[in-house]
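**Q** all I have is the shape, not the residue letters:
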């Protein structure tokens, strides 16, 4: 270690720690009269927002919440969730954002594993919660979250209803200062193997992530978020990596924020229109859902900027969205990365390129944001060259990556092998610095001694006019090791088979863009492709379904 | 202290520290072919920039520089200075940015006090340096900084010339990682009493300041800096709080950067035009200098955004700049604050206000940037209300405030009384959150039991058409305690006296905006108002000059 001149910690005592409270104070200073909107339920100013967080802190304190406790939330995307994202960590407690799309057994596992002591439960989940209550080992009290007009329900161990309790609580709370390395949030990754794994983030990590993200959203070409005119609506669940951390960014910048509750495409379009939403983020599936909404037909969404993450952004989807005025920009991250790692910002050189070339970059994972270091590593821990060709596992360093899995330190060691965070993604990095994700390591199809990217095939096949969505997995093959198998959903009234794929991919093979080994010869047309709880293709379940389809001789599978 | 769940430090070992190196890596990833320009001397891409910093690190290492050493620079604003701002801290060494406008004795004092071991000296200062060399107690070696075409000079103890040494050094250097609380920079405040005081900043502080500043420059209305189209030229000396830290911001965002050397107004205007500069920052005096340049006459500077700090921004100057197309926005900070604290960003409400009202806010100190907490304190350490009326000392908390004065801890204790950093400025904070600096505590004029702001009088008097610049100080008065005394410079061919001031201020008194006690009755017209080394009014020297003027019966002073 270099012998630098390190500030003595006694002397450093005056330095303000990096705490989530600061983000809230910044927002209300910028725009005290801007609004937080929850569907057609509620709207209030930032001034009220700050007061409500103080009220909530008083309610939680009265309920028994102390620093170090874990407070869990089961809710759709609401102002309540936003308030919990501030009030719970500001008390020094840990917010557990429960993934309500997991199976009841998995939810139970995560709640016991995280040692939740308090739970805030939306009335829609009261019955689900009642089914778990007997098996919950650490929960002491609950609090009911109910929309106005919702049917009255009983909630086990409840101290009362959120809005009623807030209304009678004092609107001031003296939030204490504490160590910035205090854990602020925890949630579970939705891996498709084994039990969900808990990740956790500190105040310091969330503040740094917010600051870095703010420097980017202000500078992404055509995706300018700013203190003056953007209106923000998340369409990534708040239980999913704190809605990608963007509510913290939006609050720090004092933006108007719109929370849509449970995602109903018709409601999303209505809120977009009524509240003049200009900035959102979601997984590709949600874009498809919005474009398919009745209210979206023939509508011009000009001015709506969507950051796309969670899965690769298919070119066909990019084009379809743009045709209706929606500007998509890809970004990359994962639960373990808080999540932002990179965004597809166009540099000066690319801004001068043809539109078509620009789009090929806009759908990549993009350029790392400030403070992130990205590299490619081979299986032996050796670094690979960033030439746009060499493929290796994407590994990362940054100040906001999760340091471990909750009470599973052996998995944390694997995550941090060689001192870099392993993403499990195979990628290239080009000389301009763009990361391109080629595939999940475990989804790469090894055929005839070559590596074929399932993502690339999905992107190309989904450009076929008949195809609505495509998934590709490798299936065992005695001759080639593995062969790509395609599962598709189609647009209404369309037909599709293995011959159509061959025809469609021919030009790419002829241009040398795709190996002839990569052309799939087996396809199943289905009505729905299995997805994970956060809307990604669920390759594990897809493999199981394909096995079943192959075993069921009554089902027609198209093969060449 | 709350019992939060603190991340064990062993577990936190994977977190990337906040180091200046990261800012450089971010810039070159965003815009590898963007240019760094130094006058008509040199221009190179960010790719070359990164290589040159590695070369410089090799040169410094060969020269004997080790982590923990202090490396001083005496230069005008150049690409070399920018390179030192990265290479020196990236080696774990401390960069001392010498204020070359101080007197030789003061420079000597600061160099010995900071324990400079290495000095990089511009050939223009070689003679000055030779005069100090015998009395320097810690310097071991020097390095010559020479522009192409500059006369060859001898420099005491020199290892060679910068460009020549860089050319022969290797373009790679493996920069090590170290504790983010390592000191990165040091420099001296230009206080007008006693010896200069050394302040110092760590990597962590500079990175956090950069991130917070980037979130602001992207969101200040009409002052959008961004990754895509702004061109940056500092007009605040790089020795002065690292040119307000903006070169770090510009580098992180990958902006084109233009360095103007010594400030010649004709050269500044020429560079603005030739390099399409859109974003700068300076003290008010520099704006006046630019508007007065021969090359500026009749020129439309449309699109040039200037952040103004260091001194209050007079309304008259705002109007004069706007008349030539320059958009000014006030910001506030000081040496001890790294420096950014607040900027005059207009919120939604003000954007809907009349232009005149907008301007009254644009010239205030503004709204604190993210992570900064500002408050008003009275002499007993009690907080005052933010109602736009109560005046108190502005006190601050933030993660990037200097923690102490170099080897003068007793002064540090005073700075941090009651756990807040004391600015020495009297201010109000309005309900919208805008800070307005009323005066330096020691410059407030106590007359007839009232506090009169010298800044306010300066602003009002400088709006008189005859007045070029105005300074106001309190002078002892047997009847009133103190009375305001005005010193002015005039536009060519203009006349001015105490009666003119009375006339000019009458409407403000009548509207109740100014107490009648505040109207100055004594004025001295001079050809130049004394300034500090960084271009602020030097009230100490002004007081001395006024005493001399008053004592000299041959000088005419206008009095009512």
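**A** Ah, there it is. From a predicted model like this one, the values you see are computed outputs, not experimental measurements.

**Q** what about the stretch 401-550 of chain A, any weak spots by pLDDT?
**A** By pLDDT under 70, the stretch 401-550 of chain A contains no weakly predicted segment.

**Q** ugh, wrong one, the stretch 101-250 of chain A
**A** If you take pLDDT under 70 as the line, the stretch 101-250 of chain A has these spans: A:191-193, A:217-228.

**Q** mind running it again at 90?
**A** A:149-152, A:189-195, A:214-230 (pLDDT under 90).

**Q** ranges for the strands of it?
**A** Along the stretch 101-250 of chain A, counting by DSSP state E, counting those that start in this stretch, strands occupy A:118-122, A:141-145, A:158-161, A:183-189, A:197-202, A:231-232.

**Q** export those as JSON lines, with columns for mean neighbour count and distance to residue B:248.
**A** Heads up, the C-betas are built off the backbone N, CA and C, glycines and all. Formatted as JSON lines, these follow (neighbours: other C-beta atoms under 10 Å in any protein chain shown; distance: least, C-beta to C-beta, whole Å):
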{"stretch": "strand A:118-122", "mean neighbour count": "26", "distance to residue B:248": "42"}
{"stretch": "strand A:141-145", "mean neighbour count": "22", "distance to residue B:248": "44"}
{"stretch": "strand A:158-161", "mean neighbour count": "17", "distance to residue B:248": "49"}
{"stretch": "strand A:183-189", "mean neighbour count": "24", "distance to residue B:248": "27"}
{"stretch": "strand A:197-202", "mean neighbour count": "24", "distance to residue B:248": "25"}
{"stretch": "strand A:231-232", "mean neighbour count": "23", "distance to residue B:248": "28"}
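
**Q** return the residues in contact with the nearest residue to residue A:383 once chain neighbours are set aside.
**A** Nearest residue to residue A:383, sequence neighbours excluded (C-beta to C-beta, 6 or more residues apart in numbering or on different chains): residue A:375, at 5.5 Å. By C-beta atoms under 8 Å, 6 or more residues apart in numbering or on different chains, the residues touching residue A:375 are A:383, A:384, A:394, A:395, A:396, A:420, A:429.

**Q** for beta bridges, what are the partners of the fifth one?
**A** Translated: residue A:396. residue A:374, residue A:421 (DSSP bridges).

**Q** so the closest residue to residue A:43 other than its chain neighbours is in which element?
**A** Excluding the flanking residues, the one nearest residue A:43 by C-beta to C-beta, 6+ apart is residue A:37, at 4.5 Å. Using DSSP states H and E, residue A:37 falls within strand A:35-38.

**Q** state the mean pLDDT of that strand.
**A** In this model, strand A:35-38 carries a mean pLDDT of 98.

**Q** contacts made by that strand with the rest, please.
**A** Contacts for strand A:35-38 (C-beta under 8 Å, 6+ apart): A:43-46, A:49, A:78-80, A:82, A:256-259, A:261, A:271, A:275.

**Q** buried subset of these?
**A** Buried by 16 or more other C-beta atoms under 10 Å in any protein chain shown: A:46, A:49, A:78-80, A:82, A:256-259, A:261, A:271, A:275, out of those.

**Q** identify, from these, the entry nearest to chain B.
**A** Using C-beta to the nearest C-beta, residue A:256 comes nearest to chain B of these, at 8.9 Å.

**Q** what residue in the stretch 251-400 of chain A comes nearest to chain B?
**A** For the stretch 251-400 of chain A, C-beta to the nearest C-beta, closest residue to chain B: residue A:370, 4.1 Å.

**Q** that residue touches residue B:22, doesn't it?
**A** Yes. Between residue A:370 and residue B:22 there is a contact at 6.7 Å, judged by C-beta atoms under 8 Å.

**Q** returning to that earlier point: excluding chain neighbours, what is closest to the residue of the stretch 251-400 of chain A closest to chain B?
**A** residue B:26 (4.1 Å).

**Q** which secondary structure element contains that neighbour?
**A** Short version, using DSSP H and E: residue B:26 is in helix B:20-30.

**Q** what mean pLDDT does that helix have?
**A** 95.

**Q** quick one: contacts for residue A:531?
**A** Taking C-beta under 8 Å, 6+ apart, we find residue A:531 in contact with A:285, A:537, A:538.

**Q** show me the beta-bridge partners of it.
**A** residue A:537.

**Q** what lines up beside whatever helix or strand comes next after the strand holding residue A:37 in the sheet?
**A** Next helix or strand after strand A:35-38 toward the C-terminus (DSSP H and E): strand A:42-45. Pairing partners of strand A:42-45, with direction, according to DSSP bridges: strand A:35-38 (antiparallel).

**Q** and the strand it pairs with, how far out from the chain middle?
**A** For strand A:35-38, the distance from its own C-alpha centre to the chain's C-alpha centre is 22 Å (C-alpha atoms, centre = their mean, to the nearest Å).

**Q** and stretch A:310-327, by the same measure?
**A** Using C-alpha atoms, centre = their mean, the offset of stretch A:310-327 from its chain centre is 17 Å.

**Q** likewise for stretch A:104-112?
**A** Worked out by C-alpha atoms, centre = their mean, stretch A:104-112 lies 20 Å from the chain centre.

**Q** how about stretch A:341-352?
**A** With C-alpha atoms, centre = their mean, you get 22 Å for stretch A:341-352.

**Q** what does that stretch contact?
**A** By C-beta under 8 Å, 6+ apart, stretch A:341-352 touches A:216, A:219-221, A:223, A:307, A:329-334, A:357-358, A:361-369, A:372, A:374, A:396, A:398, A:432, A:434-435, B:30-34, B:227-228, B:254.

**Q** end to end, how far does it reach?
**A** Across stretch A:341-352, the terminal residues are separated by 25 Å (C-alpha to C-alpha, to the nearest Å).

**Q** if you count neighbours, what's buried in it?
**A** A:341, A:342, A:343, A:344, A:345, A:346, A:347, A:348, A:350.

**Q** and those, which of them are in strands?
**A** If you go by DSSP state E, these have A:341, A:342, A:343 in strands.

**Q** export those residues to a markdown table and append columns for pLDDT.
**A** Converted to a markdown table, those look like this (pLDDT from 0 to 100):
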| residue | pLDDT |
| --- | --- |
| A:341 | 96 |
| A:342 | 95 |
| A:343 | 92 |
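
**Q** show me what contacts residue A:407?
**A** A:113, A:198.

**Q** just to be sure, it is in a helix?
**A** No. Applying DSSP: H, G, I helix; E, B strand; the rest coil, one finds residue A:407 to be coil, outside a helix.

**Q** generate a PyMOL selection restricted to the buried subset of the contacts of stretch A:341-352.
**A** To isolate the buried ones among the contacts of stretch A:341-352 in PyMOL, judged by 16+ other C-beta under 10 Å, type:
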select buried, (chain A and resi 216+219+220+221+223+307+329+330+331+332+333+334+358+361+362+363+364+365+366+367+368+369+372+374+396+398+432+434+435) or (chain B and resi 30+31+32+34+227+228+254)
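
**Q** brilliant, that's me finished.
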